[in-house]
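>>> build me a structure from this.
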Amino acid sequence: MLDRFYDTDLSLLYPATIILILAAAGFGAWIGRRSRVRASEAPDTATLTGAALGLLALLLAFSFSLALSRHDARRNMVLEEANAIGSTANFALMLPEPAQRQILDLLRQYAAVRIGLDVPYDPAKLGRDTERSLDLQNKLWKQATQATEAAPQSLPVYRFVGSLNEMNNINERRLTALRYHVPGPVMFVLIGLAMVAMGFTGFHAALTGAGRSIPVLIMSVVIAVVIMLVVDLDRPARGLIQVSIQPLVDAAQSIPR
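Okay, here's the model as predicted:
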């Protein structure tokens, strides 16, 4: 259920996260101002604040690294799939003319489906695109089977089948990369820890009478934006940061007609 966090529109997530963290900082500052008269009896708030901010920095760095690695994996999958489609088309040119024409037509259809995979984000469309991809793969395999039966010792056929197999394997790897992200509970813990850390920061600033409310508010906004950056990196077709599909477009345009 917590993974539905990723289905929420960023136009709602950004302000909601900023408001939550700002409210925590403001609440901490309010408590600090009310407790200022008992500051000499207060616990070591500087240590508590530093510990909370340090833990936040650790979890934030871990989450950002994980989201960035997944973003890079999705980008690499697009590039690998484009290369696999292009290689399969090149090996198809070495096959006999009747089979060659049908295979290239199926590859053009397949490339078009893969270009639109999960763009724009729509779970129903992703399901349809996945089914269409599998259907085209089955048709390509039938063509490969016929070519193998006609010339079982042919080196071009052997290379075509190997390239087609790699293209099919990349399909599942790319789908897996699209479906998985930083777990929702991790993001909720990250936001909760940010609220606690900024609450301590606001409390410490007000308790000591440092008068640093503006820097605390700025830091709260910055932390909220960085958290949303992690979310954005992990939403390949729903946020501001998206994986470029230009390699697939180039591969589709390079398939001979």
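
>>> check the offset of the top helix by length along the chain from the chain's centre.
Counting residues, the longest helix in the chain under DSSP state H turns out to be helix 45-92. The chain centroid and the centroid of helix 45-92 are separated by 7 Å, computed with C-alpha atoms, centre = their mean, to the nearest Å.

>>> so which elements touch it?
Judged by 3 or more C-beta pairs under 8 Å, 6 or more residues apart in numbering; DSSP states H and E, the packing partners of helix 45-92 are helix 97-115, helix 155-179, helix 184-207, helix 213-233, helix 246-254. Every residue, glycine included, has its C-beta placed from N, CA and C.

>>> what's the spacing between residue 115 and residue 80?
Counting by C-beta to C-beta, to the nearest Å, the separation of residue 115 from residue 80 is 15 Å.

>>> my bad, should have said residue 73
10 Å.

>>> tell me the buried residues in stretch 147-161?
Of the residues in stretch 147-161, 147, 154, 157, 159-161 count as buried by neighbour count, 16 or more other C-beta atoms under 10 Å.

>>> centre of the chain to it, how far?
On C-alpha atoms, centre = their mean, the centre of stretch 147-161 falls 39 Å from the chain's centre.

>>> mean confidence score for that stretch?
Here stretch 147-161 scores 85 as its mean pLDDT.

>>> quick check: end-to-end length of it?
9 Å (C-alpha to C-alpha, to the nearest Å).

>>> can you list contacts of that stretch?
88, 91-92, 94-96, 99, 103, 144 (C-beta atoms under 8 Å, 6 or more residues apart in numbering).

>>> state the distance from the nearest residue to residue 45 once chain neighbours are set aside to residue 152.
Leaving out its chain neighbours, the residue that sits closest to residue 45 by C-beta to C-beta, 6 or more residues apart in numbering is residue 204, at 4.2 Å. As judged by C-beta to C-beta, residue 204 and residue 152 stand 77 Å apart.

>>> shaky segments in the stretch 151-257 of the chain?
Scanning the stretch 151-257 of the chain for pLDDT under 70 picks out 209-212.

>>> contact partners for residue 255?
85-86, 89, 104, 107-108, 111.
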